[in-house]
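Novice: Build me a structure from this.
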Amino acid sequence: TEEKLLFMLTDGRIVGWRLFDCDGPVDFLSEVQWEEEVRLVMIHNTGSNSSPPYTAKVCPPLSTKNSHFYRPLLALGSNSGSILIVDLTTTKTIKEFTLHTSPVAGIEWVANRRIISFSNNLGGSGPIKNELYYTDINTGRYQLLRTATKDRDDVPIVGIKVSYLHQYFIVLLRDRPFELWDLKSLNIIREMPGNFPPVTTLEWSPTQNHPLKNAKFSKKDDTAGIIDQMTNQNDGPIREHFVFTDTDGVVYHLMVEGTVIKEGTRIPPDSQTGLINSIAWRGDLMVLGDSTGHLSFWDLKARQSRLVPTSRGAIRKLILAPGRNTQLLLVMFNDGVEIWDCAESEVLSSIKSSKIGEVVDVDWGASDRPVIVNETGAVHIMDVNLDTAPNPVTALSLHTPIWLPFIYNQKEMMNFKIYIQHIGWQENWIMKCPKSCTPIIWESMLHTLKLRDKFSTLTFLERCLVTAALYGDMVEWRLWQVLAYYLDQSSPLSSAFDIVQDNQSYLKDQVKNLTVQEKCRSTYAHRQHSIHRHILLGNTDKPVQLLLEVEQDSPNFYQDCLRASLISSVSDSEYTVDSDTTYLRSKLSSSPQQPLERVAQSTIKLVATNLIANDHLLEGCQLLCLIKKAVDACRYMQNFHHYNEAIWLAKVALTREEYFEVMKYYIDLLVNKGSRHLGILLAISLNFFDKAAEILLATKLVTIAAPLVESCIEAGKWPESGSEIKDRVFVEYAKYLVSLNNVEVALKYCDMGGEKGKQLGEELRICAQ
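Specialist: Numbers count the residues shown, from 1 in each chain. Next up, the predicted model:
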């Protein structure tokens, strides 16, 4: 708008600014006091999913403990080092944290409102630098956990794993043993010794007090292994367990209790498996994925395992869906994503990168809602079939119902529009809820508008204004705004309406705009533009001052001095002071108050004509305005297709009769060139209401033409010469209402449509009987 600005930056952010003066926010430019301090103030800054690729992690799932405050939140780590918190219900970014100085490599939730994130500068120049942050997303407070030392940051962090009870977390390092941290104190418990096996992947046990002991287990589907029996641990501190694999495929089981780490079982690798890349573990089910594309399903209770090939290449990530009775497995490959049924060991659905883009991370938003992030930064919330993104507006928890009339049946919505416009016409006419609209939204709409109590007291034109706003029709809304002003002159039009304003308001706005441009001019072209505008406005003192400011070494020095002399010699006319604008303005049209000598005037007119003929239109028009021939300057501008300049000059310089002649020509030109909307607004501004109705009828906009005619009749402004066009408009509108099966209102307009309207009304009454 004229007082608000929106910028979209290269990083995808949208920044909003608003104009403020000493009294606060500005609603219209016409209200600005330019002599006082005016400034632009940022009013909002909308973040974006910028700098892909991302790492994604959904918060812990819904449970009985967090049901009263749970929100499905997704943490996204960007390549720029920022972390975005996205509400998966509304798909809006609710928080953004700029913590890291390098790309975020991983995020883990340690509670519903706290996260741990890490980054490193892999691929950059200089030594490896790791950053490990603990952040509370409610307060924004963060803590740097891992500081640099001489021997610590020579290898990058490659992963974080938080224990099931949120007591511990493990920091995985490349080519170095991992570190065990206490999550409550945020202190490191132990760094594993140098001879510790290299870790390829690690996963915590979802059952905290069931240690694993050595036991032999049987083969099934040509796969062997060792499954540990579970026993209860009742005494001492809470014990947690985790498993990890090394580069040889050996599965290790370890137990953590306080500050003590105990080794449990070693399970030798299967001969058919490759390097284990990921482990998913819930209850008695453990799934391992390797670099050759095999999935190993381990049933810990039955002590059985089975190996299933996927034929999709290396497996990058495995995630089990949340929920006790859910056995859906999300499998991420280099070329796409699959969802497996672990009970049957079969694929349920699949999607490839060619359809969704290269996948950079996946997670579960709910037990049946996989979340997929692609290389462009787009977040896809899919269903289990991976073929749709089920996020309908109707599933959102909205505070108020959404009123979108154009998504419902068009005939019903147009009837409702007519109903609003004609409230009060018949007391017993009450419109029922349309079939295509839900009763909740319909009742909310009627309650919000308070139709019977409020709308029946409005004028017909005021109801048309509200209807246009309700239906989001900006074309109609602008038209009714202009019509309302020229019918009763109640509320002035803002400068946004530009040439549709009345001439006095338009002149004031142009003077203010010229004052602003004066303060901002910095080049010779800007100065020439100001000189041109001042001359057309009739102020000759300012152009002379600006022309004499030219530097002596300028190539235009001699020319500008001569122009200043010429303007001074012909500026002996009397000036009137506009009390509202405090601006000198001479009468540029009609006969001058102190005419120049006939010879000088003829000479200047001849020079102006020669300049115009030799492609110096603006300079020639300036001379014509100096000798009070502004109407001739307007005609020349129109002939050379400088219509905007011609209208500008006509509104600020011509008499009413001369202005009307120029505008009539311009309206016809607009209609012939297809700019009918502007032509209609200009016709209304000249009080040519019958002309505006005729243009609307010719363009088959009878739904606007009929209310326009009726509003003019109600205000007593419809011309007597427009009776024929009035009858035609009402008859056509009645036919349109019949097409909507709205015979009741159609009969009203038939009675107002003259002889042809009465004939149509008789036919409708016969058909109704």
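Novice: if I've got this straight, residue 243 is in a helix?
Specialist: No: under DSSP: H, G, I helix; E, B strand; the rest coil, residue 243 sits outside any helix and is assigned strand.
Novice: Not counting its neighbours along the chain, what's nearest it?
Specialist: Leaving out its chain neighbours, the residue that sits closest to residue 243 by Cβ to Cβ, 6 or more residues apart in numbering is residue 253, at 5.1 Å. No exception for glycine: its C-beta is placed from N, CA and C like everyone else's.
Novice: Mind pulling the model confidence for that neighbour?
Specialist: Listed pLDDT for residue 253 reads 91.
Novice: My reading is that it lies in a helix. Confirm?
Specialist: No: the assignment for residue 253, made by three-state DSSP, is strand rather than a helix.
Novice: Identify the residues contacting it.
Specialist: Going by Cβ atoms under 8 Å, 6 or more residues apart in numbering, residue 253 touches 212, 228, 241, 242, 243, 263, 264, 265, 266, 267.
Novice: Could you measure from residue 112 over to residue 486?
Specialist: 60 Å (Cβ to Cβ, to the nearest Å).
Novice: now residue 678
Specialist: Separation of residue 678 from residue 486 (Cβ to Cβ): 15 Å.
Novice: which SS class is residue 370?
Specialist: When classified by three-state DSSP, residue 370 comes out as strand.
Novice: What residues are bridge-paired with it?
Specialist: Residue 370 forms beta bridges with residue 364, as assigned by DSSP bridges.
Novice: Would you mind confirming that residue 714 is in contact with residue 458?
Specialist: No: judged on Cβ atoms under 8 Å, residue 714 makes no contact with residue 458 at a distance of 11.5 Å.
Novice: Looking at the two, which is more packed in?
Specialist: Neighbour count, other Cβ atoms under 10 Å: between residue 714 and residue 458, residue 458 has more, with 16 against 13.
Novice: Please state the backbone phi and psi of that one?
Specialist: The phi and psi values for residue 458, taken as degrees, to the nearest 10, are phi -80, psi 160.
Novice: Could you check how far it is from residue 708?
Specialist: Taking Cβ to Cβ, one finds residue 458 at 17 Å from residue 708.
Novice: likewise residue 488?
Specialist: For residue 488, the distance to residue 708 equals 15 Å [Cβ to Cβ].
Novice: Have a look at these two and say which one is more surrounded.
Specialist: A count of neighbours by other Cβ under 10 Å puts residue 708 above the other of residue 488 and residue 708, at 23 against 12.
Novice: so what pLDDT did residue 444 get?
Specialist: Residue 444 is assigned a predicted lDDT (pLDDT) of 61.
Novice: Let me fix that, I meant to ask about residue 385.
Specialist: The score at residue 385 is 89. That number is its pLDDT.
Novice: re earlier: which members of the contacts of residue 253 occur in strands, if any?
Specialist: Under the assignment DSSP state E, the contacts of residue 253 contribute 212, 241, 242, 243, 263, 264, 265, 266, 267 to strands.
Novice: Helices of the stretch 501-650 of the chain, residue ranges please.
Specialist: 503-520, 524-537, 541-547, 557-569, 598-613, 617-626, 630-639, 643-653 (DSSP state H, counting those that start in this stretch).
Novice: Go through those helices and pick out the most buried.
Specialist: Ranked by average neighbour count under the criterion mean count of other Cβ atoms under 10 Å, these are headed by helix 617-626 at a mean of 23.
Novice: Closest to residue 197 out of the contacts of residue 253?
Specialist: Nearest to residue 197, judged by Cβ to Cβ, of those is residue 266 at 9.4 Å.
Novice: The closest one: neighbour count?
Specialist: Residue 266 is flanked by 13 other residues according to other Cβ under 10 Å.
Novice: wait, isn't it in contact with residue 254?
Specialist: No: contact criterion Cβ under 8 Å: residue 266 and residue 254 do not qualify, at 10.3 Å.
Novice: which residues does the nearest residue in space to residue 357 that is not next to it in sequence contact?
Specialist: Distance criterion Cβ to Cβ, 6+ apart; nearest residue to residue 357, sequence neighbours excluded, is residue 374 at 3.5 Å. By Cβ under 8 Å, 6+ apart, the contact set of residue 374 is 353, 356, 357, 358, 359, 360, 380.
Novice: give me that answer again for 6 Å
Specialist: The neighbours of residue 374, taking Cβ atoms under 6 Å, 6 or more residues apart in numbering as the test, are 356, 357, 359.
Novice: Name whatever forms a beta bridge with it.
Specialist: residue 359.
Novice: Distance of it relative to residue 56?
Specialist: Residue 374 is 11 Å from residue 56, by Cβ to Cβ.
Novice: Then residue 44?
Specialist: According to Cβ to Cβ, residue 44 stands 26 Å off from residue 56.
Novice: Those two - which one has more neighbours?
Specialist: More crowded of residue 44 and residue 56, by other Cβ under 10 Å: residue 56, with 21 against 10.
Novice: Does the more buried one touch residue 363 like I think?
Specialist: Yes: under the criterion of Cβ atoms under 6 Å, residue 56 makes contact with residue 363 at 5.5 Å.
Novice: Worst mean pLDDT across the helices and strands of the protein, which element?
Specialist: Least confident helix or strand of the chain, by mean pLDDT, DSSP states H and E, is strand 229-230 with a mean of 34.
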